[in-house]
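1. need a 3D model of the sequence below.
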Amino acid sequence: MTETETGTDRETGTDTETETGTETETERPPGRMLRVGDVPLHVLSEGSGPVCVLSPGLGMSWFDWDPVVPLLTGHRTVVRFDRPGLGFSAPAAEPPTAEGEAARIAGVLDALGLDGPATVVGHSLAGFHAEAFARLHPERTAGLVLVDSSVEENARPVAARELRTAAARARGHAIASAGLPLALGPALRRLTVRASSLRREDPAPAALVRRTYGTGRVARALLMENARYRDVAAELELLRTEHPLPPVPVTVLAASTGGDSWFERRRLARLRALAELLQGEFEAVAPAGHLVMYDRPEAVAEAVLGLPLPRPLSVSAGSTPRPR
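-> Down below sits the predicted model:
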């Protein structure tokens, strides 16, 4: 892994501007660029203590964890990163997979020199990635917190994967070429966040949203994550049969609006079933929309800090029951 400067246009799409013949940054984001595998990723590491990795949902960025981070950094080393193409990270040549995203989390920790066990927090789609990491890297896992995680029961591979992948690439390039991300990307981001949060507002700085969601790079990455969603779910289903979960504590947080609709009951039941599958704790967080980190950041922080402190694990097929 090598380190590069944040804001390199060639690799990340970070904005730069030229004034009187001298190239200057608009405003460099916090963190640094670390080459993980063959992709320069935007990475932040803050605080001190046991390691905690925060991974956001489909198409989201490092700054979506901003409300949670200050509640953790006095007690944990908090690691955030943008997946390929998102935030300020460079795009990847290959589409996302569960195994690949688990390896990416491990690679980020390696690049930071953090080789001890980490608590991995995954929101929505990243719940798949967090669980895959625990199954494929059990010795590096201290615990899991799944925040309103995606759930797909009995997921199976979907036909025409390569065709769907190629179609997502083509749509992404067409949208970028037409200039639609700059024109519509930030507004669509705002609408999505408002619809997914009881706050009904997007607290992310408008300039930061424009610099990320106004780019074709982010639009292409978002479309690809969406296109490969069910493939990643099916891959995780297979990993569950081949790689046991290590004996670490697991907490599943489920957003609840407090309503009693069939949809609400069904969604909570699926997340409760996920907690049972992983032999973990289930907690309904109310009132909260899907973006629990915005509506109830203290609930996320309490779930992380409530897990037992990590200790070295000896994992085998006949391991003892995981803490609950």
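2. residue 247: neighbour count?
-> The tally of other residues near residue 247 (other C-beta atoms under 10 Å) stands at 17. From N, CA and C alone the C-beta is placed, and that goes for glycine too.
3. could you verify that it is part of a strand?
-> No: counting by DSSP: H, G, I helix; E, B strand; the rest coil, residue 247 is located in no strand; its state is coil.
4. okay, it and residue 98: tell me how far apart.
-> 21 Å (C-beta to C-beta, to the nearest Å).
5. please apply the same query to residue 236.
-> 5 Å.
6. so what sits against both of these two?
-> 128, 132 (C-beta atoms under 8 Å, 6 or more residues apart in numbering).
7. how about the nearest residue to residue 218, chain neighbours excluded?
-> The shortest distance from residue 218 to any non-neighbouring residue, by C-beta to C-beta, 6 or more residues apart in numbering, is to residue 212 (5.4 Å).
8. same deal with residue 107?
-> Residue 107 sits nearest to residue 36 (C-beta to C-beta, 6+ apart), 4.0 Å away.
9. what's the answer for residue 232, then?
-> residue 98 (4.9 Å).
10. these two touch, right, that neighbour and residue 132?
-> Yes: assessed by C-beta atoms under 8 Å, residue 98 is found in contact with residue 132 at 4.1 Å.
11. quick one: common contacting residues for those two?
-> With C-beta under 8 Å, 6+ apart as the test, residue 98 and residue 132 both reach 235, 236, 239.
12. taking the residues you listed one by one, which sit in strands?
-> With DSSP state E as the criterion, strands contain none of these.
13. residue 219 should be in a strand, yeah?
-> No: assessed with three-state DSSP, residue 219 is helix; it does not lie in a strand.
14. which residue packs closest to it, ignoring adjacent ones?
-> Per C-beta to C-beta, 6+ apart, closest to residue 219 is residue 181, 4.3 Å.
15. that neighbour: what's it in contact with?
-> Shown in contact with residue 181 (C-beta under 8 Å, 6+ apart): 175, 213, 214, 215, 216, 218, 219.
16. let me see the ranges of the helices in this protein.
-> Listed in chain order, the helices of the chain (DSSP state H) span 9-12, 69-72, 98-111, 126-136, 161-177, 180-196, 206-213, 216-227, 229-242, 262-277, 292-295, 297-306.
17. cool, thanks, talk later.
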